[in-house]
Each structure stands twice: as structure tokens, then as C-alpha cells.
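**Q** Provided below are the primary sequence and the corresponding predicted coordinates.
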Amino acid sequence: MTIAPVDPILDQLIDAALPHVAFDGWSPETLAAATRDAEVDPAVAKALCPRGAVDLAIAYHHKGDAAMISALKAADLADMRFRDKVAHAIRLRLQVIDDKEAVRRGTTLFALPHMAGDGAKLVWGTADAIWDTLGDTSRDANWYTKRMTLSAVYSSVILFWLGDDSLNMQATDDFIDRRIDNVMQFEKFKAQAKANPLFKPFAGTLERMMGAIKAPSADADPDLPGVWRDPQ
């Protein structure tokens with residue numbers, strides 16, 4: 001998956017905003033200070049961030065996703081199990097974060113009730129970016145379940161990481177492995193359930209229902225999380 005590069009002026013605003021985010025959060029005050037420090041015309045800043053600092057926080061997240069994709073494409077994953085590839089991708093996403101406090105403030109912002117939709121879309125987008133970069137080809141219900149599961153894992157990892165003060169973030173590394181283990185245990189449970197004789201009378205009906213679910217098409221509502229992106 002290819003993520004469009006951040007507009008150069010918007011990138012300047014992000015860099016100028018980070019020193020202020022620790023004190024003022026992703027707020028109008030931060031955007032005003034960033035506009036002043038980066039010497040950007042306020043009208044241009046308004047055009048780039050019509051919703052104010054919210055759009056700046058969103059752009060910061062997208063910038064991190066783009067950096068993760070580049071790092072993941074450059075990584076040698078040939079000898080890794082698939083579960084280890086996913087864990088490595090999550091670790092890379094954390095490694096490209098250059099300001100932990102900016103993420104903390106962003107997490108607070110997107111936890112607000114009226115911002116929850118934007119927050120969910122950002123997390124879904126990160127999960128979508130990981131799966132696409134790792135070569136996921138599913139186009140049925142698995143397309144959704146993979147991203148839903150990874151979104152839950154990534155969200156829990158971020159919250160743990162924000163409070164982690166262990167040496168070299170070793171506690172977070174261990175936490176990632178445990179969460180991936182939980183997912184693999186769930187997948188094993190699903191496989192066992194399908195093999196259970198009690199499940200067989202319902203298997204055909206369930207498979208037909210699940211088979212009717214398809215990945216989003218190219219003309220999907222752009223406001224929905226994880227909309228289809230044509231290969232670039």
C-alpha cells in the first residue's frame with residue numbers, strides 16, 4: 001500500500017508543532033504557534049488544516065504510518081514466521097515515533113467522544129497498512145477480521161507503551177508477543193470449533209453468509225475505516 005507523502009508545508013507545521021504539543025496538546029494554541037514558528041501564512045495553514053490542530057494530529061499519525069511502511073519494505077522478513085512479521089511491523093511503528101508525548105496527547109484527543117470515530121479510523125488505517133505491506137490478499141470476511149484483530153492488538157500495545165519505562169522498552173516487546181500469542185490461540189480455537197461435529201450442521205450456512213462479505217470496493221465511502229486502495 002502506498003500512502004501519499006505529507007505536504008511539505010504541512011510537514012513543516014508538524015515539526016514546528018511538536019515542541020508545543022507537550023504543553024498545549026493538539027490544540028488551537030499549538031497550531032497558531034506552529035504557524036508562527038514555521039513562518040507559514042495563516043490562510044495556507046487553514047487550508048491545510050480546515051479542522052485546525054485535529055488535522056495536524058491526523059497528519060502526524062499518517063506520517064508515522066508512511067515511515068513504518070518504508071521501514072517494513074526495507075526489512076528482511078524472509079526467515080520470519082508470519083506472526084513474527086506482524087509483531088515486527090508493530091515494533092517498527094513504535095520505533096518511527098519521534099515524540100512519545102505527541103502520541104500521548106493524540107491518544108487523549110481521540111478518546112474524546114466526538115473524536116472517537118477519527119481515532120478508530122487512524123488505528124484501522126495502521127492495521128490496514130501493516131496487512132497490505134505484508135502482502136495480504138484476502139478479499140472476503142477475512143479482510144475485515146484481520147484488520148479488526150490487529151486494530152485491537154495495536155490499540156492495547158500503544159496504551160501499554162505509553163506507560164512503559166522499562167529498559168529499551170523490553171516490557172512492551174514482551175507485551176506485543178503476548179498479544180500476538182492471544183490472537184494465535186483464538187485462531188486455533190476457531191479452527192477447532194469448525195472441526196467439531198456439533199458445528200457441521202451450521203457450517204454450510206455460515207460459510208455462505210461469510211462468503212457474501214467482500215472487502216470494500218474502489219468506490220467505497222471514503223469516510224469508512226480501511227477503504228480500498230488500488231495498488232500504486
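**A** Ah, there it is.
**Q** name the element Asp84 belongs to?
**A** According to DSSP states H and E, Asp84 maps onto helix 82-95.
**Q** mind listing what's buried in that helix?
**A** Lys85, Val86, Ala87, His88, Ala89, Ile90, Arg91, Leu92, Arg93, Leu94 (16 or more other Cβ atoms under 10 Å). Every C-beta, even on glycine, is put in place using the N, C-alpha and C of the backbone.
**Q** isn't the fourth one right next to Asp76, touching?
**A** The one in question is His88. No - with contact taken as Cβ atoms under 8 Å, His88 and Asp76 are classed as non-touching, separated by 10.1 Å.
**Q** next up, the contacts around the spatially closest residue to Glu101 that is not a sequence neighbour.
**A** Excluding its sequence neighbours, the residue lying closest to Glu101 (Cβ to Cβ, 6 or more residues apart in numbering) is Ala22, at 4.4 Å. With contacts defined as Cβ atoms under 8 Å, 6 or more residues apart in numbering, the neighbours of Ala22 are Asp99, Glu101, Ala102, Arg105.
**Q** distance check, Ala22 against Thr133.
**A** Computed as Cβ to Cβ, to the nearest Å, the Ala22 to Thr133 distance reads 31 Å.
**Q** please apply the same query to Asp84.
**A** Between Asp84 and Thr133 the computed distance is 15 Å (Cβ to Cβ).
**Q** can you check Leu13 too?
**A** When distances are taken as Cβ to Cβ, Leu13 and Thr133 turn out to be 27 Å apart.
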